[in-house]
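S.K.: fold the stuff below for me.
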Amino acid sequence: MSTDGSTHPTEHGSAGPLPQTPGGATSVGTPDGTQATGTTFPDATGPGTTQGSIGDGTPDAGEPGWVARNTNALISALLVVIVAALAIAAVVLYRDQRDEANADTEAAVTSFLSGQDLQVETIDCTGDTCAVIVGGQAATVLVQEDDNGDQHFGVSAYSGD
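M.R.: Next up is the predicted model:
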């Protein structure tokens, strides 16, 4: 605490209270301990200074908006959405094509077995293999297509799960 009558404590590491000059003004010293006289300070328009005002909260005309500041993030998010949509469309198209191929195989096997005077009760095809129940008996039918587009069928007792 200072003993010169002021109410300001001296800070740790400070040189103590500032010396008083005859008019009550406080003088300022230089780093080497000599008295600074005639020292002028640069005005607020000098180099390294900025001027501004406290506004009403609206952005300045030169300040970019939210979209301009976040353009890269928006583009990245849109690309992720587009890629996800394309992936979903590809899966839907693949499954639709696979279901159509299985339905074609079921129709071909049903036609083949009907040509043999057999009544198909149920049929389930996956790829080129069908599980069939014909006249109360389970059977597996393998369908292969040759280079000319002709289908060939192989029927055996049911084997599978």
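S.K.: for this structure, which spans come out with low pLDDT?
M.R.: Counting by pLDDT under 70, the chain shows low-confidence ranges at 1-61, 160-161.
S.K.: for it, what spans make up the helices?
M.R.: Remark: helices assigned in the chain by DSSP state H are 66-69, 71-115.
S.K.: any chance of the ones you listed in a markdown table, plus mean neighbour count and distance to residue 136?
M.R.: Glycine gets a C-beta too; all of them are placed from N, C-alpha and C. Formatted as a markdown table, the helices of the chain follow (neighbours: other Cβ atoms under 10 Å; distance: least, Cβ to Cβ, whole Å):
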| stretch | mean neighbour count | distance to residue 136 |
| --- | --- | --- |
| helix 66-69 | 9 | 70 |
| helix 71-115 | 12 | 14 |
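S.K.: adding distance to residue 134, write those helices out as JSON lines.
M.R.: JSON lines is the format used below for the helices of the chain (distance: least, Cβ to Cβ, whole Å):
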{"stretch": "helix 66-69", "distance to residue 134": "66"}
{"stretch": "helix 71-115", "distance to residue 134": "6"}
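S.K.: thought residue 151 was touching residue 142?
M.R.: No - when contacts are counted by Cβ atoms under 8 Å, residue 151 is not listed as touching residue 142 (10.6 Å).
S.K.: of the helices of the chain, which is nearest residue 126?
M.R.: Among the helices of the chain, helix 71-115 comes nearest to residue 126, with 6.5 Å by Cβ to Cβ.
S.K.: and that closest one, what other elements does it pack with?
M.R.: Here helix 71-115 touches strand 120-126, strand 129-134, strand 137-145, strand 151-157, going by 3 or more Cβ pairs under 8 Å, 6 or more residues apart in numbering; DSSP states H and E.
S.K.: angle of the third one against strand 151-157?
M.R.: Just to be clear, that refers to strand 137-145. Orientation note: strand 137-145 sits at an angle of 160 degrees relative to strand 151-157 (axes from the mean of the first three to the mean of the last three Cα atoms, to 10 degrees).
S.K.: so for strand 137-145, what gets flagged as buried?
M.R.: 139, 141, 143 (16 or more other Cβ atoms under 10 Å).
S.K.: contacting residues around the second one?
M.R.: So the one you mean is residue 141. Counting by Cβ atoms under 8 Å, 6 or more residues apart in numbering, residue 141 makes contact with 109, 112-113, 129-130, 132, 153-155.
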